[in-house]
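[1] My questions concern the predicted model and sequence given below.
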Amino acid sequence: MSFHLFTGTDTYLVTPELRDAVNVACALEKPLLIRGEPGTGKTVLAEAIAENLGMPLLTWNIKSTTKAQDGLYVYDTVQRLNDARFGDRDISDVRPYIKFGPLGQALRADARVVLLIDEIDKADMEFPNDLLHELDRMSFSVVETGEKVTAQHRPIVVITSNNEKELPDAFLRRCVFHYIAFPGKETMTSIVRVHHPDVEEKLLQQVLLRFYWLRELPEVRKRPSTSELIDWIAALRRGGVTVEAIEKELPFMGVLLKRENDIETVLANRRFGRVS
Amino acid sequence: MFIDFFYHLREFGLKVSSTEWLSLVRALAEGHARADLNTFYHLARCLLIKREADFDAYDRAFASFFAGIESSLDISQELLDWLDNPIVPNISEADRAKMQAFDLDELAARFRDLLERQKERHDGGNRWIGTGGTSPFGHGGEHPSGIRVGGEGGGRSAVQVAGERRFRNLRSDQILDTRQIGIALRRLKRLAKETGPEELQLDDTIDESARNGGEIELVFGPPRRNNIKLLLLMDVGGSMDPYSQLCERLFSAAHAANHFKKFEHRFFHNCVYERLYTDVYYWKGEPTADLLKNLDHTWSAVFVGDAWMAPSELTHLGGAISFNYRNADTGLAWLERIRQRVPNSIWLNPEPRKQWQAPTIRLIRRVFPMYELTIDGLTEAVDVLRGARPNRPAAAAAP
């Protein structure tokens, strides 16, 4: 295994701190836990690491019903029962009925892979604890076949969390942690430039002014995120909206604000407050 | 001075564990700090601090510790210096005892060895990092030949001792975090068979199929779901202010728990009267009677409050604390009404039990069983609500 260095990609700008955190996690072979507001590019980070280091990416999207075992493997009993009944397959071998999940695949891979465990806080509270053993040892056993899987190449594990639930301490202790702060205007300018390389400077500045004004309104409950800003700019440009129009009002506000209350708040503030 | 930083962080209330600290030492030995204090700042933070809420404390700790040190600090040299002379001035006896639990000479030798090998890697490009994925500084016996930091048992037990001591000190003002509350609430379940679309019952299907000589016999039945409908009523403002953080945690844990069939919450000030509020400023609300109409014995109600008020607020007409508001029924009458409508109700009190002598607390305890808002109290309360313990107010239990 060679020592890779993550540097970011053309489409993913990375701060030096985040870059170092990724490299430390890779070197120490610890999972990298990424927290931050929605839309700050937590999930995309794993894609960028995979692209940058030339490794395949396996994604495990966590839902409220996800169990740790699902990530390792699932034994499809019902299929086997069905095949036993209708007899069109050889059922004496249990192996074809073992379906490996993303974590199982990552540990069985022939080369080092990037494993993204996306939105771990969606799952049950005990879920992270159930993964401790597998993430520490990077091995597991398939009870049905007696096979013991041990990773030949420890995957780079990236875990994202929106902080909906507190994660257990034992789990946190094993991770390298990075909090993606919401980008400031300068960083945001370069992020937008990546997605809209030819956007007019004046338009961009006006858009950012509006965007940060919106985010700083204390009454806005769901603050618009980076990805919504990028969509908004796309909408503005496609709609051919001028800089002057953005100074006066908020066209395509629905791209930025998703809650009815927030839209009302903004409309009320626009009347009484200074916008720019 | 290096280990000093560890204790310094802990003095600032940051729960840095020895495992995390050793990860940092390993990362330093592998050259990740690049002899630069800024990089070290971020490196140490991503390995030692796991909640952004703690970043501020980390910053304060860092600033006060490294005040006056130039930004081009050679960390590797610091590390070696510390290993040469590990006993640090200005360290308490207790900390010194903890440190001596490590076998320092052996630890120093290992670090030197690591640094040597690190050089080899640089010179010859030999891949040293991640050999077999085992760390010589890890614990838990992952490494088959068992190279460990100092004595594994010694090191860990020192930390365990510290942990126990800490726990004892915290007993008096035991802190419940959202996660602990969440876990306690998770036990709040009453499984009931529901009507509705039937689902495949796998166990019964296998049973029946086996009985049937292998012919598959699919068995369907009603789904079983948690049947708890929870109404959370919280006292906010006034004497509850010291407990606002605790109550927020309880609230967010209950709110985040997705296993209740229904969840409603209302706020009140000191006692419940004609109106209950959906916001903490008592702006938006609805008549209590309207809410009660929609409740029945299948609901559970949890009151959270210190039950501490002027007796008149409970027993007098017009006794409510808000001066622009005159209640036409006594507070106690309203509480009894709720208890009648929702018999499965309890009261959680953030005040410690030994202070439950106030007359209003005694009155309320005759209506609702009261529990402390601590881990134990909450667990007990959950048992009552799920029917594992009898739900009896204090007066009925001990007249």
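    Arrived safely.
[2] what sits against B:Asp296?
    Counting by CB atoms under 8 Å, 6 or more residues apart in numbering or on different chains, B:Asp296 touches B:Arg341, B:Val342. Quick note: C-beta positions are derived from backbone N, CA and C, even for glycine.
[3] gap between it and A:Arg89?
    Per CB to CB, to the nearest Å, B:Asp296 is found 53 Å from A:Arg89.
[4] same deal with A:Thr242?
    65 Å.
[5] can you check A:Asn23 too?
    Following CB to CB, the distance that separates A:Asn23 from A:Arg89 is 47 Å.
[6] Domain map for the chain?
    Going with chain A. Domain assignment for chain A by automatic domain parsing gives A:16-180, A:185-270.
[7] Actually, chain B is the one I wanted.
    B:2-170, B:196-225, B:227-397.
[8] quick one: is the second one near chain A?
    Translated: domain B:196-225. Yes. Domain B:196-225 lies within reach of chain A by CB under 8 Å from any CB of the partner chain, at B:Leu202, B:Ile206, B:Ser209, B:Gly214, B:Glu215, B:Ile216.
[9] what about the stretch 51-200 of chain A, any weak spots by pLDDT?
    Counting by pLDDT under 70, the stretch 51-200 of chain A has low-confidence residues at A:164.
[10] Repeat the analysis, applying 90 as the threshold.
    Along the stretch 51-200 of chain A, segments meeting pLDDT under 90 span A:63-67, A:76-96, A:121-127, A:129-130, A:132-137, A:144-145, A:153, A:162-170, A:179-200.
[11] Let me see the ranges of the helices in it.
    A:68-72, A:77-86, A:102-108, A:127-137, A:169-173, A:185-195 (DSSP state H, counting those that start in this stretch).
[12] and among those helices, the most buried is which?
    Most buried of those, by mean neighbour count (mean count of other CB atoms under 10 Å in any protein chain shown): helix A:102-108, with a mean of 22.
[13] what about dumping the CA coordinates of that helix to PDB?
    Only the C-alpha atoms of helix A:102-108 are listed here, as PDB (Å, rounded to 0.1, in the frame of the first residue of the first chain):
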ATOM      1  CA  PRO A 102     -21.200  -1.700   0.700                       C
ATOM      2  CA  LEU A 103     -19.100  -2.300   3.800                       C
ATOM      3  CA  GLY A 104     -18.700  -6.000   3.000                       C
ATOM      4  CA  GLN A 105     -17.700  -5.200  -0.600                       C
ATOM      5  CA  ALA A 106     -15.200  -2.600   0.600                       C
ATOM      6  CA  LEU A 107     -13.500  -5.100   2.900                       C
ATOM      7  CA  ARG A 108     -13.500  -7.800   0.200                       C
END
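[14] Next, the closest residue to A:Arg215 other than its chain neighbours: phi, psi?
    Spatially, and ignoring its direct neighbours in sequence, A:Arg215 is nearest to A:Arg223 (4.8 Å; CB to CB, 6 or more residues apart in numbering or on different chains). Here is the backbone geometry of A:Arg223 (degrees, to the nearest 10): phi -70, psi 140.
[15] show me what contacts A:Arg223?
    Taking CB under 8 Å, 6+ apart, we find A:Arg223 in contact with A:Glu37, A:Leu214, A:Arg215.
[16] In PyMOL, select just the buried ones from the residues you listed.
    Burial among these is assessed by 16 or more other CB atoms under 10 Å in any protein chain shown; the matching PyMOL selection reads:
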select buried, chain A and resi 37+214
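[17] How is the closest residue to B:Asn344 other than its chain neighbours assigned, secondary-structure-wise?
    Nearest non-adjacent residue to B:Asn344, counting by CB to CB, 6+ apart: B:Ser300, 4.5 Å away. What DSSP: H, G, I helix; E, B strand; the rest coil gives for B:Ser300 is strand.
[18] beta partners for B:Ser300?
    B:Leu230 (DSSP bridges).
[19] ok so, going back, so which of the helices of the stretch 51-200 of chain A is nearest chain B?
    helix A:169-173 (3.8 Å; CB to the nearest CB).
[20] Which residues outside that closest one are in contact with it?
    Here helix A:169-173 makes contact (CB under 8 Å, 6+ apart) with A:Leu33, A:Pro128, A:Asn129, A:Leu131, A:Leu132, B:Lys15, B:Ser17, B:Thr19, B:Glu20, B:Lys50, B:Arg51.
[21] Tell me the gap between the top helix by length along chain A and the middle of its chain.
    In chain A, with assignment by DSSP state H, the single longest helix is helix A:201-216. Computed by CA atoms, centre = their mean, to the nearest Å, the chain-centroid distance of helix A:201-216 equals 25 Å.
[22] Next, the contact list for residue 267, please.
    Just going to use chain A. With contact set as CB under 8 Å, 6+ apart, A:Leu267 has no partners.
[23] Switch to chain B, please.
    With CB under 8 Å, 6+ apart, B:Phe267 has these contacts: B:Leu233, B:Met234, B:Asp235, B:Val236, B:Leu276, B:Tyr277, B:Thr278, B:Asp279, B:Val280, B:Tyr282.
[24] so the last one makes contact with B:Arg266?
    So that's B:Tyr282. No. Counting by CB atoms under 8 Å, B:Tyr282 sits too far from B:Arg266 to count as a contact (10.6 Å).
[25] Provide the secondary structure category for the residue most central in space within chain A.
    The centre of chain A sits closest to A:Thr43, judged by CA atoms, centre = their mean, with a distance of 1.9 Å. Under three-state DSSP, A:Thr43 falls in the helix class.
[26] correct me, but it touches A:Asp118?
    Yes. At 5.6 Å, A:Thr43 counts as touching A:Asp118 under the criterion of CB under 8 Å.
[27] shared neighbours of those two, which are they?
    Between them, A:Thr43 and A:Asp118 share these contacting residues under CB under 8 Å, 6+ apart: A:Thr160.
[28] returning to that earlier point: hey, least reliable of the domains of chain B by pLDDT?
    When the domains of chain B are ranked by mean pLDDT, domain B:2-170 comes last with a mean of 56.
[29] re earlier: ok, the contacts of A:Arg223 vs chain B, which is closest?
    Using CB to the nearest CB, the shortest approach to chain B within the contacts of A:Arg223 belongs to A:Glu37, at 10.5 Å.
[30] surely the closest one meets A:Tyr179?
    No. Taking contacts as CB under 8 Å, A:Glu37 lies outside contact range of A:Tyr179: 9.7 Å.
[31] which residue ranges form the strands in the chain?
    No chain in the question, so chain A it is. Along chain A, the segments classed as strands by DSSP state E run A:32-36, A:57-61, A:73-75, A:98-100, A:114-118, A:139-142, A:147-150, A:156-161, A:176-180.
[32] my question was about chain B
    Assigned by DSSP E, the strands in chain B fall at B:191-193, B:199-200, B:220-221, B:224-226, B:229-235, B:262-268, B:275-277, B:285-287, B:299-304, B:345-349, B:370-372.
[33] Let me have those strands in CSV, extended by distance to A:Lys248.
    Shown next, in CSV, are those (distance: least, CB to CB, whole Å):
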stretch, distance to A:Lys248
strand B:191-193, 58
strand B:199-200, 56
strand B:220-221, 61
strand B:224-226, 52
strand B:229-235, 44
strand B:262-268, 40
strand B:275-277, 39
strand B:285-287, 39
strand B:299-304, 48
strand B:345-349, 52
strand B:370-372, 58
